[in-house]
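>>> What would the 3D arrangement of this be:
(one chain, ligands or ions: 2)
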Amino acid sequence: MFVKFILSLVIIFGVIFSVEQPVLSANDPEHTYLDMQLRQLINSIAPNNSGYQYFILPDSENLSAIPFDPQNELTKEKIYLGQMLFHETALSINPINSKHWQEASCASCHFAEAGFRSNLPQALGTGGIGAGKLRHPDPDAFPAEIDKQNILAPSVLNSAYQKAMLWNGRAGSTGVNGKEKLIQSFDINRFKLDGLETQAISAMNVHKLGTAAIALIPEYQKLFASAFPDRPYVGSEVEDLKRAGLAIAAYERTLLSNEAPFQKWLKGNKMAMSKNQIRGAITFFSSSCVHCHTGSNLARDEFYAVGFDDHPKDWTGLNLGRGTATQRAKDDFKFKVPPLYNLIDSSPYGHGASLTTVRQIVEYFNNAKPQKMEAKYSGNLSIFFKPLNLTNKQVDDLTYFVETGLRDPNLIRYVPSKIPSSLCFPNNDDLSRKQLNCD
Ligand code: HEC
Ligand code: HEC
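Numbering: from 1, shown residues only. Ligands and ions are numbered 1, 2, ... in the order given. The predicted structure is shown next:
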C-alpha cells in the first residue's frame, strides 16, 4: 500500500515536472516585473479595452467561439468529416499520370508536423514521393505531372481568423474582399463564401481531387449524411465536391494553436513563459511587429509591401501580389500578413520562400532593406517597414519568442488515427507507405 502511495507520488511529480517544466520560480522578482510589464503593454494595445481576450484563441471544441461563415455553420459532424477528407488520399483520383492515383491529400502539402505548412519551397502533392519532411519529387515523373506551385504553401493553422485566403487574398467574397471588385477572381468566388470555404472548394479542383471513389465507401455515405442532413445522399460529383470543401473548411477552422506557451500565459498561467520569452514578447508588442501581426492569430486581413523576394520559380517574373487581384498600382507588391504560430516547425518563409530562418526575418525587419527593389521603387513599401534599432539581445529574445513562445507543441492532436478508405495517409505512394509503416 505504502509502496503504491510513494509510487503514485513519484508518478504525479514526474508528470507535473515533465509537463509543466517550471523554468522559473513563482517568486522571482525579475520574472514578476517582466510579467507585469507585458500585461500592461498588451492591455494598452488591445482595442476597446478588450485586454488579453483580443489575443486569445478559443478551445477547438468551443464551436460557438470560433469565427465561421454563416453559410457553413460549424457542427461536430461536419468537422469530423472534414478532418477525414483533409487527410484522405482516396480523393486523389484525377492525377495527370494515372500511376499516381490516390497518392496525395491536402495534408501532403499542409501537414501537422510542419505546422500545417510544408518544409519545401514548393510543397508537393501528387507526383511527390515520401512522407512528411522526407517528401521530394518522384524522379521518374515529368515536371507537368507533379502538383506543385511557384509560391510557398502558407499554413492553414488559425486560418479561421482571416476572411481573404491565398497570398494575394483573391479567395473569398467577404471581409476585405466584400468591398472589392477583384479582377482576377476567375470563377473562384462564385459561391460568395468566406475565403476558407472558397479556397477549400477550389483546392479540390486545383489539386486534382474528386469524390467519385469515396462516394462508394459506406462510412463516407454515413458521414456525409450526418454532416449535411438536408441532403443526405452522395453521388453527384459537383455537389459532393462543394460539400467536401465546406466540411474541410469547417475542420480547418478548428486548427488552433491554443496550447502555445503565449496562449497559456494569456489565459493566466504566469509560469507558461520563461523570462526570455516574455522579454521577446515585450519587444514584439512594443515594436512595429504588432501593427501588422495582431489579434488571436497575430496576423491581419490586410496587405502590405515589405519587400520579400518572389519565388525563384515564379513564371510571372514579378509577382504583384494584391495588385494582381485588384489591378490597382497602389496594391502592387503587397501580400497578405501571415499568422505567426508554429513557424519553427518548417522553413522556408515568405510568399517566395526567400528567407530560411526566423532570426533572418527578425533581422530583415530590424534592418528594413528590401530584397525586392521593385517594391521599393513602386513607393508602396509600408511606413512600418523601417529600421527598428533593436539590440542583438532584443533580436535574440524576439526570435526566441516567435520560435518557442508561439509554438503549440501538440498539433498532432488534430490528425486522425485512421481514415475511412483505410489507405495510407497523408501520402500513399510506395515510399511513403514504407516510411509510414502502412504496408
Ligand atoms: C501541391 C501542394 C498543395 C496541396 C495538395 C494543397 N495545397 Fe493548399 N496551398 C498550397 C499553396 C502553394 C498555397 C498558396 C497558393 C497561393 O497563395 O497562391 C496554398 C494555399 C492554401 C490556403 C490558403 C491559406 C492562406 O493563409 O491564405 C488554404 C486554406 C489551403 N491551401 C487549403 C488546402 C486544402 C483544403 C487542400 C485540399 C483540398 C489543399 N490546400 C491542398 C499548396 C497545396
Ligand atoms: C508592415 C507590416 C508588417 C510588419 C511591421 C511586420 N510584418 Fe511580418 N510580415 C508581413 C507581411 C505582409 C508578410 C508576408 C510577406 C511576403 O511573404 O511577401 C510578413 C511575413 C512575416 C514572417 C514570415 C511568415 C511566413 O509564414 O512565411 C514572419 C516570421 C514575420 N513576418 C515576423 C515579423 C516580425 C517578428 C515583425 C517585427 C519585427 C514583423 N513581422 C513586422 C507584414 C509585416
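
>>> and the closest residue to ligand 2 within the stretch 51-200 of the chain, how far is that from ligand 1?
Using C-beta to the nearest ligand atom, the closest approach of the stretch 51-200 of the chain to ligand 2 is made by Pro154 at 5.9 Å. (Glycine included, C-beta is placed from N, CA and C.) If you measure Pro154 against ligand 1 using C-beta to the nearest ligand atom, to the nearest Å, the figure is 4 Å.

>>> I figured Lys270 was touching Met36, is that so?
No. Contact criterion C-beta atoms under 8 Å: Lys270 and Met36 do not qualify, at 10.0 Å.

>>> Overlap in contacts, those two.
With contacts taken as C-beta atoms under 8 Å, 6 or more residues apart in numbering, Lys270 and Met36 have no neighbour in common.

>>> So for these two, which residue has more residues nearby?
Lys270 (15 against 12; other C-beta atoms under 10 Å).

>>> burial count for the residue nearest to the more buried one when sequence neighbours are not counted?
Nearest residue to Lys270 in three dimensions, chain neighbours excluded: Asp35, at 5.7 Å (C-beta to C-beta, 6 or more residues apart in numbering). Other residues near Asp35 come to 18 when the count uses other C-beta under 10 Å.

>>> And for the one 3 residues further on?
The local packing of Leu38 (other C-beta under 10 Å) involves 23 other residues.

>>> May I have the secondary structure class of it?
Assigned by DSSP: H, G, I helix; E, B strand; the rest coil, the conformation of Leu38 is helix.

>>> wait, doesn't it sit right on Ile282?
Yes. Counting by C-beta under 8 Å, Ile282 is a contact partner of Leu38 at 5.4 Å.

>>> In this protein, mark out all the strands, start to finish.
Here the chain has its strands, by DSSP state E, at 128-129, 136-137, 300-304, 335-337.

>>> ranking these by burial, who's on top?
Most buried of the strands of the chain, by mean neighbour count (mean count of other C-beta atoms under 10 Å): strand 128-129, with a mean of 25.

>>> list the helices and strands it packs on?
Packing partners of strand 128-129 (3 or more C-beta pairs under 8 Å, 6 or more residues apart in numbering; DSSP states H and E): strand 136-137, helix 430-435.

>>> Give me the domain ranges for this structure.
What automatic domain parsing lists as the domains of the chain is 24-63+258-405, 67-256+411-435.

>>> and the stretch 201-350 of the chain, which residues reach ligand 1?
For the stretch 201-350 of the chain, the residues in contact with ligand 1 (C-beta under 6 Å from any ligand atom) are Ala203, Met204, His207, Leu209, Ile248.

>>> Those residues: which two are farthest apart?
His207 and Ile248 (11.4 Å; C-beta to C-beta).

>>> Residues in contact with both of those two, list them for me.
With contacts defined as C-beta under 8 Å, 6+ apart, the residues shared by His207 and Ile248 are Cys106.

>>> of these two, who's got more company?
Ile248 (31 against 20).
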